[in-house]
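Colleague: I'd like to go over a predicted model; first the sequence, then the structure.
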Amino acid sequence: MNREHLFQFGRLDFLDYFAVITCNEGANIDFNEIHKIEEVLHRTYQGQRFGLIANRENRYSVNPIAIKKLFSNEHLIAGAIVGHTDLTKENAELENEVVEEVPIRFFFNMESAIKWINDIVREG
């Protein structure tokens, strides 16, 4: 599997064991956007365990409570955040404190995030 889904606020890329979300510059991710993401993830992975990587190449806002809702899905078992600044890392740490259901880790590069997500999903 290797395909993408476009939203008005960004893009989801799907691979076998994880999806990568890249939000547009200035987007505001709240419950409405999370609901749309959940619908597409559910259709794509259909009960299969998977991980989610947030590619934070753009600046956008995220409601941490909406993220908590997203990670309450029993099949979404790990999250990774890829960013390039200390501020992005601090925001990721805040999200990790809010989301207790699954591990969320911050990475400065996509390759490390992909390896970690693949290891978590395959171990599970």
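Modeller: Looks like it came in fine.

Colleague: Low-confidence ranges, the protein, go.
Modeller: Applying pLDDT under 70 to the chain picks out residues 1-2, 124.

Colleague: Now do the host helix or strand of residue 117: everything it contacts.
Modeller: According to DSSP states H and E, residue 117 maps onto helix 110-123. Contacts to helix 110-123, defined as C-beta atoms under 8 Å, 6 or more residues apart in numbering, come from residues 17-18, 20, 49-53, 55, 77-78, 80-82, 103, 105, 107. C-beta: built from backbone N, CA, C; applies to glycine.

Colleague: Tell me how far stretch 44-52 lies from the chain's centre.
Modeller: Mean C-alpha position of stretch 44-52 versus that of the full chain (C-alpha atoms, centre = their mean, to the nearest Å) differs by 12 Å.

Colleague: Which stretches in this protein count as helices?
Modeller: 31-45, 64-70, 86-98, 110-123 (DSSP state H).

Colleague: of all the ones you listed, which lies closest to residue 7?
Modeller: helix 31-45 (6.1 Å; C-beta to C-beta).
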